[in-house]
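**Student:** Give me a 3D structure for the following:
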Amino acid sequence: MSNNDIVDYFNVYLKSKGIKQVYISQKTGIPADTVSKILRKGRNLMADEFLEICEAIEISPEIFRIEKDTKPAWGG
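**Tutor:** Numbering: from 1, shown residues only. As a prediction, the model looks like this:
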């Protein structure tokens, strides 16, 4: 899952729950302008920020996990 996919999910989730960016900033300690840049895709989401945001909005980071196939796509 790409950085943009994760941010898209966050944006949909935040909107559906009525969660504001300022709430995320307060809960995580990430500056509000940084949260805004991340959610507008003006800045990449760092791993520590990803985990902090997941915790703040009470979702498991595991939902973003992608299971890998045991065989290569070409069948080798």
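
**Student:** how near is the nearest residue to residue 57 once chain neighbours are set aside to residue 66?
**Tutor:** Using Cβ to Cβ, 6 or more residues apart in numbering and skipping residues adjacent in sequence, the residue nearest residue 57 is residue 19, 5.9 Å away. Where you see a C-beta, it was placed from the backbone N, CA and C, and this is true even at glycine. Applying Cβ to Cβ, to the nearest Å, the value for residue 19 to residue 66 is 25 Å.

**Student:** What about the residue nearest to residue 57, how many residues nearby?
**Tutor:** When neighbours are counted by other Cβ atoms under 10 Å, residue 19 registers 16.

**Student:** And for residue 46?
**Tutor:** With other Cβ under 10 Å as criterion, residue 46 counts 13.

**Student:** Kindly report the same for residue 35.
**Tutor:** 23.

**Student:** again, but for the one 3 residues further on
**Tutor:** Residue 38 sits with 23 neighbouring residues when counted by other Cβ under 10 Å.

**Student:** Can you get me a residue count around the closest residue to it other than its chain neighbours?
**Tutor:** Leaving out its chain neighbours, the residue that sits closest to residue 38 by Cβ to Cβ, 6+ apart is residue 45, at 5.1 Å. Per other Cβ under 10 Å, the neighbour tally for residue 45 reads 18.

**Student:** and if you look at residue 63?
**Tutor:** 10.

**Student:** So for it, what's the pLDDT?
**Tutor:** The model reports residue 63 with a pLDDT of 88.

**Student:** I'd like the distance between it and residue 28.
**Tutor:** Relative to residue 28, and taking Cβ to Cβ, residue 63 is found at 18 Å.

**Student:** what does residue 1 give?
**Tutor:** Taken as Cβ to Cβ, the span from residue 1 to residue 28 is 20 Å.

**Student:** Compare the two and say which one has the larger neighbour count.
**Tutor:** Taking other Cβ under 10 Å, residue 1 and residue 28 do not tie; residue 28 has more neighbours (19 against 11).
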